[in-house]
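J.: Give me a model of this one.
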Amino acid sequence: MYDVLSPDGFSITPDEVYPDLESAHAASVAFAERFQFQGFYSTARRERIPLTDIAGRCRVVEVPDDYLEEDG
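T.: Coordinates of the predicted model:
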């Protein structure tokens, strides 16, 4: 299982994980496309990441299978 972190380090889909690397990379591309209109991603530190670099600045991380399960 994989999660995708934004350039700021937050999960791009807090309630979803991806079964394989291919799906995770596709999600990072889809995330970047959300910024098509403004042309960049602005980080919390006010860094502007060009549209063409957003997906590459996301991080794909492996997570345990029970990552989204709530504590009982």
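J.: Remind me which helix or strand Ser23 belongs to.
T.: For Ser23, the element it lies in under DSSP states H and E is helix 21-33.
J.: From the chain's centre, how far out is that helix? Work that out for me.
T.: Its chain's C-alpha centre and that of helix 21-33 lie 7 Å apart, by Cα atoms, centre = their mean, to the nearest Å.
J.: Pull out the buried residues from that helix.
T.: By 16 or more other Cβ atoms under 10 Å, the buried positions in helix 21-33 come out as Ala24, His25, Ala27, Ser28, Phe31, Ala32. For glycine as for every other residue, the C-beta is placed from the backbone atoms N, C-alpha and C.
J.: Now the last one: closest residue in space, sequence neighbours ignored.
T.: Closest residue to Ala32 in three dimensions, ignoring its sequence neighbours and counting by Cβ to Cβ, 6 or more residues apart in numbering: Ile54, at 3.7 Å.
J.: tally of neighbours for the one you found?
T.: 20 (other Cβ atoms under 10 Å).
J.: contacting residues around it?
T.: For Ile54, the contacting residues are Pro7, Ser28, Phe31, Ala32, Phe35, Phe40, Tyr41, by Cβ atoms under 8 Å, 6 or more residues apart in numbering.
J.: Mind giving me the packing neighbours of the helix holding Ser23?
T.: Contacts defined by 3 or more Cβ pairs under 8 Å, 6 or more residues apart in numbering; DSSP states H and E place helix 21-33 against strand 2-5, helix 54-57, strand 59-62.
J.: Good, wrapping up.
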